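Participant: I'd like to go over a predicted model; first the sequence, then the structure.
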Amino acid sequence: MKYEFPAGFWWGSAASGPQTEGTMAGDGKGDNIWDHWYKQNPELFFNQVGPENTSYVYNRYKEDIALMKKTGHTSFRTSIQWSRLIPDGIGAVNPEAVAFYNSYIDELLANGIEPFMNLYHFDMPLSLQQKGGWESKEVVDAYADYARICFELFGDRVKKWFTHNEPIVPVEGGYLYQFHYPSVVDMKKAVQVAYHETLASAKAIQIYHEMNLDGQIGIILNLTPSYPRNGNDPEDVKAARLADAFFNRSFLDPAIKGTFPEDLVELLKELDYLPEYTQEELELIKHNTIDILGINYYQPRRIMKKESTTRLSDKPMPDDYFDNYIWPERKMNPYRGWEIYEKGIYDCLVNVRDNYGNLPCFISENGMGVEGEERYINADGRIDDDYRIEFVQDHLKYVHQALQEGCNVKGYHMWTCMDNWSWTNAYKNRYGFIAVDLDQKGKRTIKKSGYWFKQVSDNNGFDA
């Protein structure tokens, strides 16, 4: 069967500044929370590889963009590092960063690759984290100023902007499950952080629209469809609905509808965990919704009613209201520990079509991390990652089905272009179309999947 996609469909990949750029002498970058956490606790990071040793895109971006072109990219999403552009988070702009991002953007455009630029990808400037990070209203205002500076500097060429990547992750990682800095467990603080991220996003959207720039601004959310163990059991269904409120609708609703989920608000009210807010702020959120949605899809969430007595904290947690369920028929990526469920990407798109006004959207991340890919190097020195080709193709079939059924999906970006540093996992699992050999000064080699993706992009589809 031939899978054809609409003319102008966006083919590409996604990355982020803190996971790719690296740190160079004289680059003027300030520390962010990952730089700080690595200095404090390097043992938490796989093989003790820290953020200064990422893929060195800072001085290799022209080579990398040439490789993007060779792998069929027509678009590419990355992020500006707040602590690179404004080292203290507020105040003086770093001219070295301005020159770098200007040249990076210009090089992408010169190669026919549209830049999609994200403003925040988990990388709070350390000086602002010391003021409370997303717990602080002062930091929300600093972010709004940072966003305005980015639009002023780069908005003449960048036409696709995103306020946050996966804003639920700093909430989960930093304030619930301890896999991001500041690594505390406090649901009340988690709620305030989530609210401030939403408020910051709305402020940036308001600024962008007031500047009358010729482009679109949105947000990138990692959506994990919540499936009940038994769709005929009202308690399982209710538990899955509440998990969906915590991890999906908490950001999806305010981003598109301008309001927060009623069931989540009601629960937080019962717990006396509502965030500090003003009516003026709620109005600002209501009237500054997104133009476009980026959907990161990796795995589903399987939910059943609360049956276990185990608690993660002596204080309330989302997990007090549901249990995770292992579906007997699931297939797994054993390296990442995630279920592979291709239909979930279709369900995300149908949900946006049916419940969120069929807003323009695109798959902004989807990918498969594999450990020890050097096992698959062939005689020519190329990694034959047929498993990645199968993974992407099987997901694209469901994207195609969603398109056929009227979903307003504009493109597909895989995570990621080239193997990059992945937070505390560092380089444990590899995700890229392009291999990065850390033992050979970051040598780049296109994998089999990269050549395959070029054919998909050139043909605007594939046969399967």
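Facilitator: Perfect, thanks for sending it.
Participant: from now on I want contacts and neighbour counts done on CA atoms only, so please keep to that.
Facilitator: OK.
Participant: name the residues that touch the longest helix along the chain?
Facilitator: For the chain, the longest helix by residue count, based on DSSP state H, is helix 187-210. With contacts defined as Cα atoms under 8 Å, 6 or more residues apart in numbering, helix 187-210 is touched by 134-137, 140-141, 143-144, 147-148, 151, 163-164, 167-168, 171-172, 174-176, 217-219, 251, 254-255, 273-276, 281, 284-285, 288-290, 315-317.
Participant: just the buried members of those?
Facilitator: Among those, the ones that count as buried by 16 or more other Cα atoms under 10 Å are 134-137, 140-141, 143-144, 147-148, 151, 163-164, 167-168, 171-172, 174-176, 217-219, 251, 254-255, 273-275, 284-285, 288-290, 316-317.
Participant: can you flag which of those belong to strands?
Facilitator: Of the positions in the buried ones among the contacts of helix 187-210, Thr163, His164, Ile217, Gly218, Ile219 sit in strands, assigned by DSSP state E.
Participant: if we can go back for a sec, chain center to the longest helix of the chain, what's the gap?
Facilitator: Computed by Cα atoms, centre = their mean, to the nearest Å, the chain-centroid distance of helix 187-210 equals 16 Å.
Participant: could you look up the SS state of Ile363?
Facilitator: Under the three-state scheme (DSSP: H, G, I helix; E, B strand; the rest coil), Ile363 adopts strand.
Participant: how about the helices of the stretch 151-300 of the chain, start to end?
Facilitator: All helices of the stretch 151-300 of the chain, identified by DSSP state H, counting those that start in this stretch, fall at 168-175, 187-210, 234-244, 250-256, 262-270, 279-287.
Participant: quick one: list the elements packing against the last one.
Facilitator: Under the contact definition 3 or more Cα pairs under 8 Å, 6 or more residues apart in numbering; DSSP states H and E, helix 279-287 sits against helix 187-210.
Participant: equivalent analysis for the fourth one, please.
Facilitator: Helix 250-256 makes packing contacts with helix 187-210, strand 216-222 when contacts are defined by 3+ Cα pairs under 8 Å, 6+ apart.
Participant: what about it, average pLDDT?
Facilitator: Helix 250-256 shows a mean pLDDT of 99.
Participant: can you list contacts of that helix?
Facilitator: The contact list for helix 250-256, computed with Cα under 8 Å, 6+ apart, reads 167-168, 198, 202, 219, 221, 259-261, 264, 285-286, 289-290, 356.
Participant: before we move on, back to that, single out the most deeply packed of the helices and strands packed on helix 250-256.
Facilitator: Most buried of the helices and strands packed on helix 250-256, by mean neighbour count (mean count of other Cα atoms under 10 Å): strand 216-222, with a mean of 25.
Participant: strands paired with that strand, and their directions?
Facilitator: Using DSSP bridges, strand 216-222 pairs in its sheet with strand 160-165 (parallel), strand 292-296 (parallel).
Participant: mind saving the C-alpha coords of that strand as CSV?
Facilitator: These are the backbone C-alpha positions of strand 216-222, laid out as CSV (Å, rounded to 0.1, in the frame of the first residue of the first chain):
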residue,chain,number,x,y,z
GLN,A,216,2.4,31.2,14.6
ILE,A,217,3.0,30.4,18.3
GLY,A,218,2.1,27.3,20.1
ILE,A,219,3.2,24.8,22.8
ILE,A,220,4.6,21.3,22.7
LEU,A,221,2.9,18.8,24.9
ASN,A,222,3.8,15.2,25.5
